[in-house]
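Student: Turn this into a model:
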Amino acid sequence: MKKLFRLGMGIAVLLMALFSLWLAIIPQSAVNKADRATSRSDLYDQARYAVSSEELQVQQYRNDPGPAATARYQRAVAAGTNDLLTLSHDGETNDWIFAQKELALLSRYHILAQQMFVASDVGDTALLHQASQSGEPIAVQLELEMNTAASQHRQQALQNQGELRSVLLAALLATPVVIGGGLLLFSSCWLLLATYHSRVERVVLTDALTHLPNHRALMDRLEKEKEHAQRYGHPFSLLFFDADHFKRVNDTYGHSTGDVVLRELGSRVRSQLRGEAIVGRYGGEEFLVLLPETGLAEAYEVAERVRKAIAAHALATSAVNEGIPTTISMGIATFPDEGLTVGELVEKADQAMYWAKRLGRNQVRTAQEAERFSQDQSLAATISNLERHDDSASDELSQSGEHDPIVDGTATTARPGHIHAFK
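Tutor: I've put the predicted structure just below:
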C-alpha cells in the first residue's frame, strides 16, 4: 500500500511538473507570437495611412495648386517613404520584399505626380491628362496592395491573439484535472490568464520601440478627451513635434542609433510632463502630447519646457561618444479654438510644427501663428528662396566632403535668425 501511495504521489508530482512546464512554455510562446504580429500590423497600418495621405495630396493639388500644396505633397512623400523604409528595416523577409516593391511603385508615381504638377501649373491639359491616365493605375494598385497587406496582417494579429486566448483557456480548463494541487494550479492559471490578457492589451496599444502609447492608442485617447471636453466645456491642447534632422542621424550613425535617439527622446519628454498629460509616438520620428484641460497659454509654457529640456543635453550617449545633440520643432493646437474634431486638431498642430521647421527649427509655433504665416505671401516667398539656397549649400557641402556641424554633433541649437529647409 505504501509503495502504491508513493507511486501515485510520484505520478501526481510528475504530472504537476509536466503541466507546470507546459504552462510556462506554451503560453509564453503564444504571447511572443501575438506581440510580433501586432507590431507588424501597426507598421503596415502606419505605412498605409502615409501612402493614402500622399495620394490625397495629389488630388488636392489639382483643386488648389501652389507652393503650399507642393510642400504638403513633399511632406507626405517623405512620410510614406520613411514608413515603408521602417517596415523594411523592422519587419521580416517578406515585409522587406513587400516594402521594396511598394517603394518602386511609389517612385514611379512620384515622377508622374511631378509631371501632373508641372502640367497643372503651366495649364498643359494634354500633358496633365496623359500623366493622370498613367498615374491612376499605379495609385489604384498602391492603394489596393497596401490595404490588402494591412488587412491581412491585422487579421493575422487577431488570429494570433485568438490562439493565445485558446491556449490560456485550455490551460485554465485542464488545471482542475491535474491530480494534486488542482486548486492551486487553477488559481495560478487564472492569474496568468489575467496577466497575459493585460499584457496583450498593453502590447496592442504600446509602441514597441519607445514603450509609449502608439498611434492607435493616441487616437483613442484623443477621441475620449474630446468627448470629455465637449461635455464639460473644458479646453485641451495638442503638442505635435519631431526630432530635427533625424534623417541625418540615421544616415550618419545607423538606424540602431536612431532608435536609441527616439527611445530617449520619448523618455525625456515624458519626464517633463505633469498630471494627466501623456506623450505617444504618432509615427516615425513624430510624437504627440495630449494636455487635458489645458489652454493655449499653459500649453505654450509646457512646450517650451519640453523643448529646452531636449536641447539641454545630448541623447544616445551610450551609443555615441559625447552623445548626439538633438532639438525638436513643435506645433500647438487647442480645442475648440483650432478645431472641433481630432483630425482637425492634429492637422493644425502638424501645420504649426511645419512652420516651426521652416522658421529655423528648435522652436514652438502655434496653430494661430501658422495660419497667419500661411497668409503672408511675402514671408512665404522669402522663406522659399532661402530654402532653395540652403538646399544648394547642403549639396555643395556634401560634394566637397566637408563636415556638417549638425551631423558631426557640434551644433546644439538652430542658429538664431537663420532659416533652414524643412526635412
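
Student: which residues of the stretch 101-250 of the chain fall in strands?
Tutor: With DSSP state E, counting those that start in this stretch as the criterion, the stretch 101-250 of the chain has strands at 236-243.

Student: can you pull out the helices in it?
Tutor: Along the stretch 101-250 of the chain, the segments classed as helices by DSSP state H, counting those that start in this stretch run 125-174, 182-204, 215-232, 246-253.

Student: got the CA positions of stretch 288-299 in CSV?
Tutor: Output of stretch 288-299 as CSV, limited to C-alpha atoms (Å, rounded to 0.1, in the frame of the first residue of the first chain):
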residue,chain,number,x,y,z
LEU,A,288,2.2,63.8,-29.9
VAL,A,289,1.5,65.2,-26.4
LEU,A,290,-2.0,65.5,-25.0
LEU,A,291,-2.6,68.1,-22.4
PRO,A,292,-6.0,67.6,-20.8
GLU,A,293,-7.9,70.7,-19.6
THR,A,294,-5.1,73.0,-20.8
GLY,A,295,-5.5,76.2,-22.7
LEU,A,296,-3.0,77.8,-25.2
ALA,A,297,-1.0,79.9,-22.7
GLU,A,298,-0.3,77.0,-20.4
ALA,A,299,0.3,74.6,-23.3
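
Student: helices or strands up against the helix or strand containing Leu262?
Tutor: Using DSSP states H and E, Leu262 maps to helix 255-271. Counting contacts by 3 or more Cβ pairs under 8 Å, 6 or more residues apart in numbering; DSSP states H and E, helix 255-271 packs against strand 236-243, helix 246-253, strand 278-283, strand 286-292, helix 296-312. For glycine as for every other residue, the C-beta is placed from the backbone atoms N, C-alpha and C.

Student: Mind listing what's buried along it?
Tutor: 257-266, 268-270 (16 or more other Cβ atoms under 10 Å).

Student: one step back: okay, the helices and strands packed on helix 255-271 in CSV with mean neighbour count next?
Tutor: Shown next, in CSV, are the helices and strands packed on helix 255-271 (neighbours: other Cβ atoms under 10 Å):
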stretch, mean neighbour count
strand 236-243, 27
helix 246-253, 18
strand 278-283, 24
strand 286-292, 23
helix 296-312, 17
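
Student: For Ala47, find the nearest of the ones you listed.
Tutor: Smallest distance to Ala47 across these (Cβ to Cβ): 9.3 Å, for strand 278-283.

Student: Neighbouring strands of that closest one in the sheet, and parallel or not?
Tutor: Using DSSP bridges, the strands paired with strand 278-283 are strand 286-292 (antiparallel).

Student: and the strand it pairs with with helix 255-271, angle?
Tutor: 10 degrees (axes from the mean of the first three to the mean of the last three Cα atoms, to 10 degrees).

Student: for strand 286-292, what is the average pLDDT?
Tutor: Strand 286-292 carries an average pLDDT of 96.

Student: cool, and stretch 301-315?
Tutor: The pLDDT scores in stretch 301-315 average 95.

Student: how about it as CSV, C-alpha atoms only?
Tutor: Taking C-alpha atoms only, stretch 301-315 is exported to CSV below (Å, rounded to 0.1, in the frame of the first residue of the first chain):
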residue,chain,number,x,y,z
GLU,A,301,4.7,77.0,-21.3
VAL,A,302,4.8,73.2,-21.3
ALA,A,303,6.0,73.1,-24.9
GLU,A,304,8.9,75.5,-24.1
ARG,A,305,9.9,73.5,-21.0
VAL,A,306,10.0,70.3,-23.1
ARG,A,307,11.9,71.9,-26.0
LYS,A,308,14.6,73.3,-23.6
ALA,A,309,14.9,70.0,-21.8
ILE,A,310,15.6,68.2,-25.1
ALA,A,311,18.1,70.8,-26.3
ALA,A,312,19.9,71.0,-22.9
HIS,A,313,21.6,67.5,-23.0
ALA,A,314,22.7,65.3,-25.9
LEU,A,315,20.9,62.0,-26.5
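
Student: low-scoring pLDDT stretches of the chain, where are they?
Tutor: Scanning the chain for pLDDT under 70 picks out the ranges 1-17, 19-24, 26-28, 54, 62, 164, 168, 171-203, 380, 386-423.

Student: Output the helices and strands packed on helix 255-271 in CSV; the columns should cover distance to Ile324.
Tutor: Formatted as CSV, the helices and strands packed on helix 255-271 follow (distance: least, Cβ to Cβ, whole Å):
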stretch, distance to Ile324
strand 236-243, 10
helix 246-253, 6
strand 278-283, 18
strand 286-292, 17
helix 296-312, 11
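
Student: quick one: which of those is nearest Arg48?
Tutor: Among the helices and strands packed on helix 255-271, strand 278-283 comes nearest to Arg48, with 11.3 Å by Cβ to Cβ.

Student: now the closest one against helix 215-232, angle please.
Tutor: Using the same axes, to 10 degrees, the direction of strand 278-283 lies 130 degrees away from that of helix 215-232.

Student: From the chain's centroid, how far away is strand 278-283?
Tutor: The chain centroid and the centroid of strand 278-283 are separated by 7 Å under Cα atoms, centre = their mean, to the nearest Å.

Student: Go ahead and name everything in contact with it.
Tutor: With contacts defined as Cβ atoms under 8 Å, 6 or more residues apart in numbering, strand 278-283 is touched by 46, 49-50, 79, 83, 207, 209-210, 212-215, 217-218, 221, 240, 262, 266, 269-270, 273, 287-290.

Student: go on, stretch 134-141?
Tutor: Identification of contacts with stretch 134-141 by Cβ under 8 Å, 6+ apart yields 55, 58, 105, 108-109, 112-113, 116.

Student: buried stuff in that stretch?
Tutor: 135, 138-139.

Student: check contacts around Gln57.
Tutor: By Cβ under 8 Å, 6+ apart, Gln57 lies in contact with 69, 72-73, 76.

Student: For it, give its distance to Leu87.
Tutor: Relative to Leu87, Gln57 is positioned 21 Å away (Cβ to Cβ, to the nearest Å).

Student: do the same with Val342
Tutor: On the measure of Cβ to Cβ, Val342 and Leu87 end up 25 Å apart.

Student: Also Glu285?
Tutor: Distance of Glu285 to Leu87, given as Cβ to Cβ: 15 Å.

Student: could I get the contacts of Gln57 as TSV with distance to Ile25?
Tutor: As requested, the contacts of Gln57 are arranged in TSV below (distance: Cβ to Cβ, whole Å):
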residue	distance to Ile25
Ala69	56
Arg72	51
Tyr73	51
Ala76	45
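
Student: Of these, select the buried ones using a ChimeraX command.
Tutor: Buried residues among these (16+ other Cβ under 10 Å), as a ChimeraX selection:
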select :69,72,73,76
